[in-house]
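> Sequence and predicted model, in that order:
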Amino acid sequence: MKQFGEIAFTDAVQAQQTRHGSREAYAGMVARPAPDGFRDSETAFITARDSFYMATVSSDGWPYVQHRGGPKGFLKVLTPTRLGFADYRGNRQYVSTGNLQTEKRVSLFLMDYVNKRRLKLLGHASVQDADNDPALAAELAIDGQGKTERLFTIEIEAFDWNCPQFITPRFTEDELATSLSPTLDELQNLRQENALLRRELGRGE
C-alpha cells in the first residue's frame, strides 16, 4: 500500500501546492511510511457505513460518480487491503460496470456526516457475475436485498482521512431516533407526570 499523496499528488498537483504554500507540509506526509492495510479504526469505520460514493472513469476519460447504499456493513472488508460489495438490480444503466471494463481505477468517499469524518480511498476495482464465484457471492450477500447479480471487489492502493472542515452534519432517520431518544423519553415522563397531577388536582376539588 502507498501513501495517499504518492498517487494523488501528481506533478501538476505539487506545482499548485508549491504555488499556494502547502507543498512542504504535504511532502512530509508523503514521506511517512505507508500503512500495510486497514487498521482497526478504518475497519470499524468502513463496516459502519450505510452508503459511499464511488468514482470511475469512462473509456472517453469522463469521470462518473455513483452513490451506493445499503444496510450498515454492506461494504465488507475482505482483507486488510481488499473491499467487496454485492450488486443488485438497479436502474440498469451499468455505467460503473461498463467503465470498469476499460479502466479499473476507482476513488471512494466514505462519509460520516454526524461526526464530520471522511475516509478517501484509491484502488483498482473488478466486477464479475455472481454465478462465477458462489462462495464470494454468499460472503457479500445481504439478507433482504434480493438476488445478487454482480460482485464488486476493490484492491486498495491508498487511503487518507480528510479534515472535517466544511462537512455539514446530517442525520439519518435511525441516527435522529437514537439522538432524540433521551429527549423523547423525558417528554413522555413529563406528560405522564402532568396527567397524574391533573388527576390528583381534580380529586382534590
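All right, it came through fine. In this text, all values refer to a predicted model and were calculated from it rather than measured experimentally.
> quick one, domains of the protein?
1-34, 36-169, 171-205 (automatic domain parsing).
> Generate CSV for those, with mean neighbour count and mean pLDDT as supplementary columns.
C-beta coordinates here come from the backbone N, C-alpha and C atoms, glycine included. CSV is the format used below for the domains of the chain (neighbours: other CB atoms under 10 Å; pLDDT from 0 to 100):
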stretch, mean neighbour count, mean pLDDT
domain 1-34, 13, 95
domain 36-169, 15, 95
domain 171-205, 10, 79
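> Quick check: Glu157 vs Ser22, distance?
23 Å (CB to CB, to the nearest Å).
> Nearest to the spatial middle of this protein, which residue is it?
Leu110 (2.6 Å; CA atoms, centre = their mean).
> hang on, that residue in a strand?
Yes - under DSSP: H, G, I helix; E, B strand; the rest coil, Leu110 falls within a strand.
> pretty sure it is in contact with Leu83, am I right?
No - judged on CB atoms under 8 Å, Leu110 makes no contact with Leu83 at a distance of 10.0 Å.
> Find the residues that touch each one of those two.
Counting by CB atoms under 8 Å, 6 or more residues apart in numbering, the shared contacts of Leu110 and Leu83 are Ile46, Leu75, Leu121.
> can you give me phi and psi for the second one?
Okay, so that is Leu75. phi -90, psi 110 (degrees, to the nearest 10).
> correct me, but it touches Phe52?
Yes - when contacts are counted by CB under 8 Å, Leu75 is listed as touching Phe52 (6.2 Å).
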